[in-house]
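Novice: Sequence and predicted structure below; questions after.
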Amino acid sequence: MWFLAFLYIFLLSLSFLGYGKFFELFFLKEKRTQCVGQIGLLGLFFVSIIITFIHFFFKISIFLSFVTHIVGIIFFLLFFEKKKIFLKKKFIIFNFFFIFSSLLMLAYHKPNEDFGYYHLPYLINITQEKIIFGLVNIQFNQGWNSIWLNIASSLNLPLLGSNGFHLLNILFLIFFCNIFLNLIEEKNLNFFSNLSIFFFLIFGAYLIIKFSRLNTYGFDVPANFITIFVYYLFIKFFSINKNFNSEKIKIFKKILIFSSFAFMIKLSTAPIVLLPIFIVLIYFLNKSLKKIFLFIIIISFFFSIWCIQQFIYTGCFLFPLKISCFEVSWFNNIAIIDLVKNTPIINKSFFTYAGNLTPDEYIKNFNWVKNWFLRAKIELFEHIIIFSVIFFTVFFFNFSKNKKFFLNLKKINRSFFFFIFFSNLIFILFWFNLSPVPRFGVHHLLILFFFISCVIFNHLLNKKILPITIFLFLIFSILLNVSKNIQRVFAEEQSNKNFFFPKYPEQKYLNFFDQKQNININILTGTSIMCWNVPSICVPHQNFSVKKKLGYIVFNYEKK
């Protein structure tokens, strides 16, 4: 299994790089490969759109997944500048460590409850049936889905089957590490280019060290760190001294791509769209909007494919935004009411509250804050302490004797810093008011901490961050990640010798088969809501009617 996992990680990396290079050539019009990690992330974005579109007409079967990635590998062989990238000793050595550390993260890991609750059931549905109308009516988490799971469905491959679903976050980490590696070759030296290197160095080390357990990823970590990558590109945009040129247009296009990607992965990242809007208002209006107008249309088209999928699942183009909903037969207004009402109650820790307030009273007037903080403080402090240690260690490595302690805003673009603070405050308020789960928004507290610290300790940014600093921190981060996982693997291997990939718990269910309509459904029995081992459509209740029309399954809600 170790070799099989290694082989698939390697081949899938080539496939996503192939799709990323295809996208870069034909949509971004870039011929020269600059960063392997960025191309890998572009590949993830492009495949997410392709799979979402294909699923309108076909199930994402093992055969279809296999063909999809064979095409990606062909793209890689045709378009990728392999000699300039893959023959570099540095690239080969570091990617060996990236894959080795990722294999340790993968081995014997235990998926979290969300995987059995709605990730795996959704993935089973998408691989067993073409798109299901009214999916929200069997479980609203499946209807309110992430495009990250659409990509994962394409990893349902020969010899792996559903085990392939676990490889997606591994591939994401490898691509992210390659962006980290690319920092060593950064050439431009000015305030913003140095700031962008410093920013990604800190957050890259933070990702590798803090998130060393694969079961902590889900699609929260990818969405959060793609958001961080957008901030990195935003800083790079300002590192170009000219007011307007082709290089800025290329960076803006990537900001637009990854902003929309983060949004489709996790709706809570919605305020990230403020960054491309800010750039359009500052730079492109009344100057050269025509040069980017066509690309905005293309990305809007890609985004609309995901919105159509949401409409088919829920009756809403942007669930649970009521204004985007239509009274189609599968639309379920109760699902929206329950989501809007119950999500704040759950996310604000009502179920750990021991007082006398009702749920409605608890979430009003910030009555929830004290109880929420008592529950979340340890997790928040862990993130802040780890990030602070990394930040000030880098500070120590690059300490300058310059005595200035406050940033001279006259020498740089003031609007940049003001907007960074403004956008992050909006993010934090958005997160704190709606879903204050630490993993959903702590990265924005850290981004704000980063920029405030840079204003105070700006002398760090007056000196180039040396490649040796990046090299040492990358090595140290990987070694720390590896050491933590080696301990876990040795412990888990003793009790799971035959299960490199997770073994799912057995679930009891009743099978319902409508021979006339050729519909096969499994209904869970007892109190379980987990669909761990169910081989086809799995539902936790029977509050729906089901029919098949033109080959598509339609679930309509029936209130009992």
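Specialist: On my side now, so go ahead. This is a predicted model, so every value here is computed, not measured. Numbers count the residues shown, from 1 in each chain.
Novice: helices or strands next to the one helix or strand residue 74 maps to in the packing?
Specialist: Per DSSP states H and E, residue 74 falls inside helix 62-79. Counting contacts by 3 or more Cβ pairs under 8 Å, 6 or more residues apart in numbering; DSSP states H and E, helix 62-79 packs against helix 2-26, helix 36-54. Quick note: C-beta positions are derived from backbone N, CA and C, even for glycine.
Novice: let's see 6 Å
Specialist: Counting contacts by 3 or more Cβ pairs under 6 Å, 6 or more residues apart in numbering; DSSP states H and E, helix 62-79 is packed against helix 2-26.
Novice: which other residues reach the helix it packs on?
Specialist: Residues from elsewhere that reach helix 2-26 (Cβ atoms under 6 Å, 6 or more residues apart in numbering): 30, 39-40, 42-44, 46-47, 69, 72-73, 75-76, 79-80, 99, 103, 171.
Novice: Now do the helices in the stretch 51-200 of the chain.
Specialist: Using DSSP state H, counting those that start in this stretch, the helices of the stretch 51-200 of the chain run over 62-79, 82-86, 89-106, 113-114, 120-128, 140-143, 147-153, 168-182, 191-210.
Novice: Can you flag the weakest of these by average pLDDT?
Specialist: Note on these: helix 82-86 shows the lowest mean pLDDT, a mean of 60.
Novice: Got phi/psi on the residue lying closest to residue 121 once chain neighbours are set aside?
Specialist: Nearest residue to residue 121, sequence neighbours excluded (Cβ to Cβ, 6 or more residues apart in numbering): residue 531, at 4.0 Å. Dihedral pair for residue 531: phi -110, psi 50, per degrees, to the nearest 10.
Novice: and the closest residue to residue 30 other than its chain neighbours, how many neighbours does it have?
Specialist: By the measure of Cβ to Cβ, 6+ apart, the closest residue to residue 30 outside its immediate chain neighbours is residue 24, 4.9 Å from it. Look at residue 24: counted by other Cβ atoms under 10 Å, it has 24 neighbours.
Novice: mind giving me the domain split of the chain?
Specialist: Following automatic domain parsing, the chain resolves into domains at 2-214, 375-463, 509-557.
Novice: hmm, back to that, among the helices of the stretch 51-200 of the chain, which is nearest residue 516?
Specialist: Nearest of the helices of the stretch 51-200 of the chain to residue 516, taken as Cβ to Cβ: helix 120-128 at 19.2 Å.
Novice: ok so, going back, reformat the helices of the stretch 51-200 of the chain as JSON lines; add mean neighbour count and distance to residue 470.
Specialist: JSON lines is the format used below for these (neighbours: other Cβ atoms under 10 Å; distance: least, Cβ to Cβ, whole Å):
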{"stretch": "helix 62-79", "mean neighbour count": "17", "distance to residue 470": "27"}
{"stretch": "helix 82-86", "mean neighbour count": "12", "distance to residue 470": "18"}
{"stretch": "helix 89-106", "mean neighbour count": "17", "distance to residue 470": "11"}
{"stretch": "helix 113-114", "mean neighbour count": "13", "distance to residue 470": "34"}
{"stretch": "helix 120-128", "mean neighbour count": "23", "distance to residue 470": "37"}
{"stretch": "helix 140-143", "mean neighbour count": "23", "distance to residue 470": "40"}
{"stretch": "helix 147-153", "mean neighbour count": "26", "distance to residue 470": "28"}
{"stretch": "helix 168-182", "mean neighbour count": "23", "distance to residue 470": "8"}
{"stretch": "helix 191-210", "mean neighbour count": "22", "distance to residue 470": "6"}
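Novice: OK, contacts around residue 416?
Specialist: The contact partners of residue 416, by Cβ under 6 Å, 6+ apart, come to residue 238.
Novice: so it is in which element?
Specialist: Using DSSP H and E, residue 416 falls in helix 414-434.
Novice: buried sites along the next helix or strand after that helix?
Specialist: Downstream of helix 414-434, the first helix or strand assigned by DSSP H and E is helix 438-456. Within helix 438-456, the residues scored as buried using 16 or more other Cβ atoms under 10 Å are 438-448, 450-451, 453-454.
Novice: Next secondary structure after helix 438-456?
Specialist: For helix 438-456, the following helix or strand on the C-terminal side (DSSP H and E) is helix 467-495.
Novice: buried sites along that next one?
Specialist: 469-470, 473-474, 477-478, 480-482, 484-485, 488-489, 492.
Novice: Would you format the helices of the stretch 51-200 of the chain as TSV with distance to residue 429 included?
Specialist: Output for the helices of the stretch 51-200 of the chain, formatted as TSV (distance: least, Cβ to Cβ, whole Å):
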stretch	distance to residue 429
helix 62-79	40
helix 82-86	42
helix 89-106	34
helix 113-114	26
helix 120-128	30
helix 140-143	25
helix 147-153	25
helix 168-182	27
helix 191-210	22
